[in-house]
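> Any chance you can model this:
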Amino acid sequence: MISKETLFALSLFPYLGFLWFLSRSPQMPRLALYGFYGTLVFVGITIPAGIYAQVHYGESLANIDWLHGSAEVFLTLANILVVLGFRQAIKQIKGTGNREN
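Numbers count the residues shown, from 1 in each chain. Predicted coordinates for the structure are as follows:
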């Protein structure tokens, strides 16, 4: 049976492929792309935070509120960038559509 840590590590490869294809799309809003890359920052912060929680507290990251919340801030920021990027793209498309009529 595959451990959840191994599965988590293996899941990074499809996500890196996803980012590779997104970064080559001319239609992808840049701000949203930065948000998707920000998810990697979240992962990069979460791994050492989880190790710290295990070593210093003997608990998983989810059980140490201040540490878990601090790591989740990075995911929240990444999600905000994705939403704002797509919002900006939709506004641009709607603005272009109105000018053509």
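> Closest to the centroid, which residue in the chain?
Closest residue to the average C-alpha location of the chain: T39 at 1.9 Å, with CA atoms, centre = their mean.
> just how off-centre is the helix or strand where P48 lies within its chain?
Using DSSP states H and E, the element containing P48 is helix 30-52. Centroid separation between helix 30-52 and its chain, computed with CA atoms, centre = their mean, to the nearest Å, is 5 Å.
> can you list the residues that contact it?
With contacts defined as CB atoms under 8 Å, 6 or more residues apart in numbering, helix 30-52 is touched by 12, 15, 18-19, 22-23, 60-61, 67-68, 70-72, 74-75, 77-86, 88-89. Bear in mind the C-beta positions are built from the backbone N, C-alpha and C, glycine included.
> Can I have the buried ones of these as a PyMOL selection?
If you want just the buried ones from the contacts of helix 30-52 in PyMOL, going by 16 or more other CB atoms under 10 Å, the selection is:
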select buried, resi 61+67+68+71+74+75+78+81+82+85+89
